[in-house]
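Novice: what shape does this take:
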Amino acid sequence: MSKLQALIFDVDGTLADTERDGHRVAFNRAFAEAELDWDWSVEQYQKLLAIAGGKERIKAYIDQYCPNFAPPRDFPNWVARLHQAKTHHYRQLVATGKIPLRPGVKRLIEEARNQGIKLAIATTSAPDNVTALLETNLAPDSPTWFEVIAAGDMVPNKKPAPDIYEYALQALNLRPEECLAIEDSYQGLKSATQAGIKTVITCNGYTQNDNFSGAALVLNHLGEPELPFQIIVGSSGTTTYFNVALAQSLLESEGRK
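Specialist: Model prediction:
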């Protein structure tokens, strides 16, 4: 039986509903600033979320929707600058406090810290985006609460490849069976489970129809004492909000990954 040593969190869609009203809006502001006539709707952005990584998403959009687009000579650098502008707009949105943490996130992070459970981040989001979200919604020093912030382009392959979780495990110096991942999407689930880490899903409006087979537990959110979660797949016994004790019990359950 393995004792829980660390919780590893995804960011976008897991810690906060950042995608629809955060990243999508920031992309559109960056496009307008660059005098591009692109405007990603809520529905179109949902399709683009199948592509992990902002720069990769821009390239996929051009390939799929812009057959007449003439890429500049320094196309990779052009995409990187466009994405950098998007990151600037995203951080401005986060700073306004309009992108709060999802139910149960702050409570679980604080409980884990108090019990000596390590915290880590594993995300395709840019590191600056992660720190902005944490500093705004937790505390100015909250990035230091996390032993590892594995983010952005730190690894060769983004989710659903396991690289980012393998990086986090190595930095934590822990075995997969000592950790639990918290994700919101199929890509994240596949990434974590391929690294051997049991995974809890807290789905959202963009991911609620994803294939979550292989998850240890699928919830609508982590829940609060006064706001119980809804179980979509799995069992939590009599527990109505996600806590460290439930996380430990999932690690002890045989046959789940």
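
Novice: can you mark which positions in the longest helix seen in the chain are buried?
Specialist: What stands out as the longest helix in the chain, according to DSSP state H, is helix 75-95. For helix 75-95, a neighbour-count test (16 or more other CB atoms under 10 Å) marks 79, 82-83, 85-87, 89-91, 93-94 as buried. (C-beta placed from N, C-alpha, C; glycine too.)

Novice: how far is the next helix or strand after that helix from where the chain is centred?
Specialist: Per DSSP states H and E, helix 75-95 leads on to helix 105-114 as the next helix or strand towards the C-terminus. Relative to its chain's centre, helix 105-114 lies at 17 Å (CA atoms, centre = their mean, to the nearest Å).

Novice: buried residues in helix 105-114?
Specialist: Applying 16+ other CB under 10 Å to helix 105-114 flags 105-109, 111-112 as buried.

Novice: quick one: which of those is nearest to Pro228?
Specialist: Arg107 (13.2 Å; CB to CB).

Novice: ok, now which ones touch that closest one?
Specialist: Going by CB atoms under 8 Å, 6 or more residues apart in numbering, Arg107 touches 222, 224, 241.

Novice: what's the angle from the host helix or strand of Leu134 to helix 75-95?
Specialist: Using DSSP H and E, Leu134 falls within helix 127-137. Orientation of helix 127-137 against helix 75-95 (axes from the mean of the first three to the mean of the last three CA atoms, to 10 degrees) gives an angle of 0 degrees.

Novice: show me what the next helix or strand after helix 127-137 is packed against.
Specialist: Counting by DSSP H and E, the element after helix 127-137 in chain order, helix or strand, is strand 148-150. Packed against strand 148-150 by the contact rule (3 or more CB pairs under 8 Å, 6 or more residues apart in numbering; DSSP states H and E) you find strand 118-122, helix 127-137, helix 163-172.

Novice: appreciated, that's everything.
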